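# I would like the atomic coordinates for the input below:
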Amino acid sequence: MRLSGNLATQLALTLAGLVPFIAGAAVMWLPQTGPVLRAQAALCLLVYAGMILSFAGGVRWGAGIHAYGEAQLRTPLAALSGLGALAGWGLVLAGVLGALDWPVFAAAAAAHAVHGVWDACGAGLPIWFRRLRLSGALAAATALAAAAGAYLFQ
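Have a look, this model is predicted:
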């Protein structure tokens, strides 16, 4: 199957966006990674995960405005679209304030999985976007779960 130009670009961007997730988790698992580098990789991964949650919420906000008009953006959609940014900020704050351990990465994995499923069920979003978003979110959640595992099993 050959991908059209736009879909190929979106797939390439999705795959490129997964690189920081995979790289961050991989560095945390390397046997030669010392505690300082591990903490730096963990914090970078957590900040990136929070940023992507915020971005995903912004996509839902924009889709809601496009579908319903700015004056008619439904309050539940507006409220829910802001939760990704708040969750991401809360997770980063927890990591910076000393909870940089497996529970914060497990929570980040769950947040990405839930947001991805919500996006995959999103009315008004194109099917190609919903499929890419779900696969990307689940890959991100897997990398974040692997980061949690690095704390549990090393």
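# which helix or strand contains Ile65?
Taking DSSP states H and E as the criterion, Ile65 maps to helix 35-68.
# any idea of the mean pLDDT for that helix?
Throughout helix 35-68, pLDDT has a mean value of 89.
# report all helices and strands that that helix contacts.
Secondary-structure packing of helix 35-68 (3 or more CB pairs under 8 Å, 6 or more residues apart in numbering; DSSP states H and E): helix 5-29, helix 75-94, helix 102-120, helix 127-153. Where C-beta positions appear, they are placed from N, C-alpha and C, glycine not excepted.
# in JSON lines: the ones you listed, plus mean neighbour count and distance to Leu46.
Putting the helices and strands packed on helix 35-68 into JSON lines (neighbours: other CB atoms under 10 Å; distance: least, CB to CB, whole Å) gives the following:
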{"stretch": "helix 5-29", "mean neighbour count": "15", "distance to Leu46": "8"}
{"stretch": "helix 75-94", "mean neighbour count": "17", "distance to Leu46": "6"}
{"stretch": "helix 102-120", "mean neighbour count": "21", "distance to Leu46": "6"}
{"stretch": "helix 127-153", "mean neighbour count": "19", "distance to Leu46": "8"}
